[in-house]
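>>> what's the 3D shape of this:
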Amino acid sequence: MPPAAPAPAPAHAPRLDVQGLRAVAVLAVIADHVFAWPRGGFAGVDVFFVISGFLITGLLLREIDRTGRISFRRFYARRAKRILPAAAIVIFATVVASVVLLGRSEAKSVAIDGVFSALFVGNWRFAAEGVDYFAQGTPPSPLQHFWSLGVEEQFYLVWPWLMLAIVVFATSRAGKSLVSARRATVVAIALLTAASFGWGLYETATNPAVAYFSTFSRAWELGVGALLAFAPALALSPGLRRALAWGGLLLIALSLAVVSGDSPLWPAPLALLPVAGALLVIVAGGGGYRGPAPLTVRPVTYVGDISYSLYLWHFPVAILLVTLLPAGSVAYGVVALAATAILSVASYHLVEDPARRATWFRRQGAIAAPTRAWLPTIASLAVVGLGGAAAFVAVDAVRAPAGAATAAVVETADGEIDCRGAGTSAHPDACADASIETLAPAPADLLDDTGGAYACYSTTDVEMQTCHYGSEDPDATRVALVGDSHAAALLPGLEPQLADREWSLDTYVGRGCILRENADVADDCSRARGDINARLTSGDYDLVIATSSRAYSPDVPSQQAMLEAIAGAGTTVVVVADNPLPSEDAIACTTRLGVSPASACATAAAAALGPEHTLQTAAEGAGVPVVDLTDLYCTEEACDGIIGGVLVYRDAAGHTTATWARSIGPYLADAIARAAA
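Residues are numbered from 1 along each chain as shown. Got it, this is the predicted structure:
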């Protein structure tokens with residue numbers, strides 16, 4: 001996030017090059033989030049971390065030099081005045097807008113995000129969601145950018161105390177001078193910075209979703225800025241200063257151009273690029289050198305002045321605007337930039353700057369100083385808390401629960417056909433004139449439309465939890481459904497078909513539980529896989545139905561060998577070809593205001609079907625029948641997100657809605673029965 005430094009003392013004038021650097025950083029972040037270019041625009045946050053560490057530590061050092069101590073009350077009061085008023089307004093506005101524009105589950109989630117963000121611990125909530133399988137494929141929270149505020153404020157919660165403790169400890173040893181104490185402080189900060197960087201390397205390699213948001217794996221970037229604040233003024237020639245500054249900008253530009261969000265080396269070690277770039281620009285400043293001209297012109301430094309407000313407002317605008325306009329469109333880009341600029345300028349001049357300059361905080365009166373120090377925090381949390389509570393109430397009061405999908409029946413010579421959902425694809429001519437006026441599920445309830453598919457789904461590496469559905473007759477056909485979350489998503493469609501077919505079905509579904517040999521693979525199904533495979537090859541089942549997400553592609557030979565082992569045990573195996581994968585824009589389209597049963601919300605067929613479904617390839621190699629219902633999802637050109645008035649997908653990971661599963665269930669069960677015959 002943009003550094004939230006208090007106004008500098010009059011004797012310490014703000015550096016224009018640092019303000020310009022703030023502008024570069026925030027514009028890179030905004031461009032990345034609005035235009036998805038440059039692809040490494042998110043590295044602007046790392047530049048902010050360095051600037052923040054430099055400015056805040058410099059502020060503390062100057063106070064120690066003047067007074068020999070740190071006033072913690074004044075420090076945290078300044079932070080509260082600088083950070084909280086604008087942040088509270090953005091959080092409140094975002095929560096309210098989410099109630100209006102998003103679905104019930106999403107709006108509730110944003111309200112919770114608001115509480116975590118207001119407490120400056122949002123980074124840990126988003127880290128947890130980053131490793132939550134069912135949060136993947138869903139749009140990010142419009143408050144997700146508050147993670148960086150969390151990192152900074154957690155850092156500054158302990159940083160002044162740590163600095164003072166080191167100084168006191170160093171000066172108390174054999175009467176050492178303040179200069180010696182500074183040296184000891186630099187050594188301690190360097191060690192802590194190195195430790196954080198080392199942890200960042202480890203966590204990036206082992207748990208990148210957490211590493212991105214973790215205070216421990218990001219603190220080194222603030223530490224670099226802090227070390228820079230301790231550095232003495234360097235006697236550098238003007239030419240060398242220019243070379244360092246432009247070299248720093250080049251490193252930042254390089255990071256924006258080459259780093260990608262899915263890099264296995266981000267944030268550590270690749271964040272060294274923007275961090276080193278920011279360091280060089282800051283080192284080059286001073287000594288009469290104002291910095292590179294592009295950084296110091298007034299329009300650029302003004303953007304730096306309002307960078308905090310720009311950062312706060314741009315992400316909610318970018319995320320929520322998708323509910324109104326297609327992301328990537330010219331209209332989306334223009335409106336996103338205009339709305340961000342208007343809100344940010346107003347926020348800076350009406351809220352952020354007046355709050356920062358306010359003198360009421362220093363007035364003496366009936367209210368005790370410690371109480372005054374906490375007033376901004378208490379007021380901001382009250383605003384956010386009331387907004388969150390109102391959102392919870394409004395979400396349930398304003399949005400009526402979605403009812404069951406109503407049938408859209410047409411009469412044909414062969415009988416009645418329900419044109420809801422897959423019926424439209426299966427009988428295009430008969431359903432051409434069917435009257436479908438409402439969407440099912442309601443867009444507000446999209447994420448909740450699971451139909452109990454995941455009641456017996458394992459998301460971590462634990463012993464497999466098995467559930468039983470269908471006939472209890474001992475002579476019924478014994479069926480096993482095995483696979484990952486895409487297999488579980490078939491269950492709401494298969495369950496109503498079981499009794500009439502006299503199928504007795506057991507589930508073996510879990511994260512990563514794709515049918516494959518007991519390979520030495522460390523994944524979320526490692527512990528359960530051996531037991532699953534033993535049961536499937538025991539001969540206890542008459543039929544095994546297997547599928548998996550095409551987005552996950554284990555090796556074909558391992559899957560083929562397992563299919564052959566089950567078939568070799570005398571059990572019939574049928575593989576269900578995975579459904580297409582929708583684009584993020586197609587998912588956004590299905591929840592956009594004004595969407596109707598006539599909307600397509602399509603993904604190009606080449607993209608939706610592009611990833612190879614390796615289980616299907618393995619089935620073909622093993623001579624196992626494959627049920628492929630792609631024609632019910634797609635034409636030759638496109639795969640629609642709304643078919644026959646039914647929303648097909650819950651998220652961009654391709655998890656289908658229970659409503660769609662129930663509509664395609666009869667066709668799926670018929671196809672499986674034919675393949676198994």
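>>> Show me this structure divided up by domain.
16-132+146-396, 409-676 (automatic domain parsing).
>>> Which one of those has the poorest average confidence?
Ranked on mean pLDDT, the bottom entry among these is domain 16-132+146-396, at a mean of 88.
>>> What is the distance between it and the centre of its chain?
18 Å (CA atoms, centre = their mean, to the nearest Å).
>>> still on that earlier bit, with distance to Pro139 and mean neighbour count added, can I get the domains of the chain in JSON lines?
Every C-beta, even on glycine, is put in place using the N, C-alpha and C of the backbone. Output for these, formatted as JSON lines (distance: least, CB to CB, whole Å; neighbours: other CB atoms under 10 Å):
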{"stretch": "domain 16-132+146-396", "distance to Pro139": "6", "mean neighbour count": "19"}
{"stretch": "domain 409-676", "distance to Pro139": "7", "mean neighbour count": "20"}
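>>> Adding distance to Pro140, write those domains out as a markdown table.
Shown next, in a markdown table, are those (distance: least, CB to CB, whole Å):
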| stretch | distance to Pro140 |
| --- | --- |
| domain 16-132+146-396 | 6 |
| domain 409-676 | 10 |
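>>> name the element Val317 belongs to?
For Val317, the host element (DSSP states H and E) is helix 307-320.
>>> Quick check: next helix or strand after that helix?
Counting by DSSP H and E, what follows helix 307-320 is helix 330-347.
>>> how about the helix or strand following that next one as PDB, C-alpha atoms only?
Heading C-terminal from helix 330-347, the first helix or strand you meet, by DSSP H and E, is helix 353-357. What follows is helix 353-357 as a C-alpha-only set of coordinates in PDB (Å, rounded to 0.1, in the frame of the first residue of the first chain):
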ATOM      1  CA  ASP A 353      -5.500  15.700   4.200                       C
ATOM      2  CA  PRO A 354      -7.800  17.500   6.700                       C
ATOM      3  CA  ALA A 355      -7.600  14.600   9.100                       C
ATOM      4  CA  ARG A 356      -3.800  14.600   8.800                       C
ATOM      5  CA  ARG A 357      -3.600  18.400   9.500                       C
END
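>>> Give me the distance between the closest residue to Asp555 other than its chain neighbours and Val575.
Computed as CB to CB, 6 or more residues apart in numbering, the closest residue to Asp555 that is not its neighbour in sequence is Thr614, at 7.4 Å. Here the criterion is CB to CB, to the nearest Å. By it, Thr614 lies 11 Å from Val575.
>>> ditto for Arg535
Distance, Arg535 to Val575, using CB to CB: 18 Å.
>>> got it, and Trp147?
Distance from Trp147 to Val575, by CB to CB: 41 Å.
>>> repeat for Leu84
Taking CB to CB, one finds Leu84 at 56 Å from Val575.
>>> now do Lys108
The gap separating Lys108 from Val575 is 38 Å, by CB to CB.
>>> now do Phe35
Counting by CB to CB - Phe35 and Val575 are separated by 41 Å.
>>> and if you look at Ala318?
Counting by CB to CB, the gap from Ala318 to Val575 is 40 Å.
>>> With Ile664 instead?
With CB to CB as the criterion, Ile664 and Val575 are 16 Å apart.
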